[in-house]
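>>> structure, please.
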Amino acid sequence: MPTPDELAAKAIGERIQTIRTRTGRTRAVVAGLVGRSEDWLRDVEKGRLQHPPGLEMLLRIGQALGVRDLTEITGGHELLVGISRRAGHPVVPAIRAAIEGVDLTPAPSPIDTTELAARVERAWRLWHTSETPRADAGAMLPDLIRDGRRALRTLDGRDCRAAAAALSGAYALSEQVLAWVADAPLLWLAADRCMSAAEIADDPVTLAAASWVLGNVWRSTGREDDAYQLAADAVALLDSHLDGNQAAQALWGACQLHGAITAARIGREGDALRGIDQAMGMARALPAGSAHPWTLFGVANTEISAVSVQVDLRKSGGALDAASIIDPDAVPSVDRRARLWLELARAYAQQQDWLGTLGALRTGTSVSEESMRCHPLARSLVGELVSHGGRITERESRALAGRLGVTA
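Below you'll find the predicted structure:
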C-alpha cells in the first residue's frame, strides 16, 4: 500500500491510480468490481469526468482497492469508514459468520468424518454442476465449516486428521465461492485456514490442494511471484507421490496450470507455456473420467488454461486458435465453461472485434449468468462494449450490461 508521502498533494483520481497499481490490481478488475467500464475508471484516474464520483461510488472503489480509511483516496481530514466488509452476493454474510465466528459449544453428537468428507465432496460437485454455483454450493458451506471445526476440536489421531482434510476442502470451496464477491481480508482468512487445516491433515495431496487455493488468493492480490513459487513448491512436494495415486497426479497437473497462468500474468512466457505442456502430458496420462473433486483437472481444463495463458500474454490470435479445438460440452464444470467464453471475449476485445466480444459474453452468460455477473472481467468487458462497440451492438450490449449489473 502506498505511504502517505506518496499520496500527498495528489488528486483523488491520481490517488486511486497509485493505490491500484501499488496493490497489483488491474484497471479492468477494479472497474468490473464497481460495475463500470475500464474507460470510465481511466477517466476517473485522469480527472477527465465532468462529474467526479460521489461518496457512494468512492466507497465502492475503496472496497475494490482494499482500503480501510477512505482518506487514502480523498485526502483531507480523517474519515474512517467500514468499507472492508464486502458482500457482493447473498451467501457471503452466512459464510463470513461461519469463518469468523467462535463456537465453543460441544457437538450434539459425534461427527462422522466419512460423512463429513462426503458432504464436502457433494458441495464441490454442486459448485461444478450448478448454473448458480455460488448460491447453491455457498448455502452448504456454513454448516460444513462449523461441523468441520467442531470435529477438529473434539477428535484426535487419525479421525482428527481426516476431519482436517475435510475442513480444508470446505475452506477451499469457500475461497472459490467468495472470490470477487467478498473483501480481500475474508478471502485471505479462508485461504489461510484452508492451509492450516491441511497442515493438520498432514497429507501431501491435501497440502498441495491448499497451496492451489492460497496461490489463487496471492495471485489475485498482487503477490504473483509468491503464487508462482508456491505452485512450484506444491509440484515438488507431489513428485514423490505420483506412482499409482490419481489424486496426486491430478493435483500435480492443477498446480502446473496454476503456475502457468501466474507466469503469463507476469510476462514469463517460457515458464507459462512449459507449465501448460507439463499439465497436458499429465492430463492425457490420466484415465478417462478421473478428476480431482476440487480442480476437475483434465484435458478440457488444461485446454481452457491454454487459452487463458495466451490472452494474458496478449496473444489474442493464439488464444482463438487454442480455443478452436475445445468442445465446450466436454468441460465438466459449468463455471469453467462460462470462463471459457469469458476468455474468448477477452481475446476478441484485444482485437477490437466487438461483435465477437458480444457473442462470447452472451454465450457465457447463457451458460451461467451468476458466474459472469460475479466476475469483474466480464463486467468490465460489457462496459467496454457499450462504450466502443458502436451502434450495431449498442442495444444488445446495453441489455447484456443490465443483466450483469453494469452501468456503462
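>>> please make it C-alpha for all contacts and neighbour counts, starting now.
OK.
>>> so what's the most centrally placed residue in the chain up against?
Compute the mean C-alpha point of the chain, and by Cα atoms, centre = their mean the closest residue is Ala179, 4.5 Å away. Neighbouring residues of Ala179 by Cα atoms under 8 Å, 6 or more residues apart in numbering: Leu187.
>>> can you tell me how far it sits from Ala330?
Applying Cα to Cα, to the nearest Å, the value for Ala179 to Ala330 is 25 Å.
>>> again with Ala232
Using Cα to Cα, we find Ala232 at a distance of 28 Å from Ala330.
>>> out of those two, which sits in the more crowded spot?
Higher neighbour count among Ala232 and Ala330: Ala232, with 18 against 11, using other Cα atoms under 10 Å.
>>> that one is in contact with Ala260, isn't it?
No: judged on Cα atoms under 8 Å, Ala232 makes no contact with Ala260 at a distance of 10.1 Å.
>>> common neighbours of the two, please.
Between them, Ala232 and Ala260 share no contacting residue, judged by Cα under 8 Å, 6+ apart.
>>> re earlier: state the pLDDT value of the residue nearest to the centre of the chain.
Reported pLDDT at Ala179 in the predicted model: 92.
>>> now the spatially closest residue to Val91 that is not a sequence neighbour: which helix or strand?
If the residues on either side of it in the chain are set aside, Val91 comes closest to Gly138, at 5.9 Å by Cα to Cα, 6 or more residues apart in numbering. According to DSSP states H and E, Gly138 maps onto helix 133-154.
>>> and that helix, what's its mean pLDDT?
Mean pLDDT, helix 133-154: 95.
>>> roughly how far out does the very next helix or strand once past that helix sit from the chain middle?
Downstream of helix 133-154, the first helix or strand assigned by DSSP H and E is helix 157-178. When C-alpha coordinates are averaged (Cα atoms, centre = their mean, to the nearest Å), helix 157-178 and its chain have centres 18 Å apart.
>>> okay, helix 157-178 in CSV with CA atoms only?
Once non-C-alpha atoms are left out, helix 157-178 reads as follows in CSV (Å, rounded to 0.1, in the frame of the first residue of the first chain):
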residue,chain,number,x,y,z
GLY,A,157,-5.4,-39.1,16.0
ARG,A,158,-6.5,-40.4,12.6
ASP,A,159,-10.0,-39.1,12.9
CYS,A,160,-8.7,-35.6,13.6
ARG,A,161,-6.5,-35.7,10.5
ALA,A,162,-9.5,-36.9,8.4
ALA,A,163,-11.6,-34.1,9.8
ALA,A,164,-8.9,-31.6,9.0
ALA,A,165,-8.7,-32.8,5.4
ALA,A,166,-12.5,-32.4,5.0
LEU,A,167,-12.4,-29.0,6.7
SER,A,168,-9.6,-27.9,4.3
GLY,A,169,-11.9,-28.8,1.4
ALA,A,170,-14.7,-26.7,2.9
TYR,A,171,-12.4,-23.7,3.3
ALA,A,172,-11.1,-24.3,-0.3
LEU,A,173,-14.6,-24.2,-1.7
SER,A,174,-15.4,-21.1,0.4
GLU,A,175,-12.5,-19.3,-1.3
GLN,A,176,-13.9,-20.2,-4.7
VAL,A,177,-17.4,-19.0,-3.7
LEU,A,178,-16.1,-15.8,-2.1
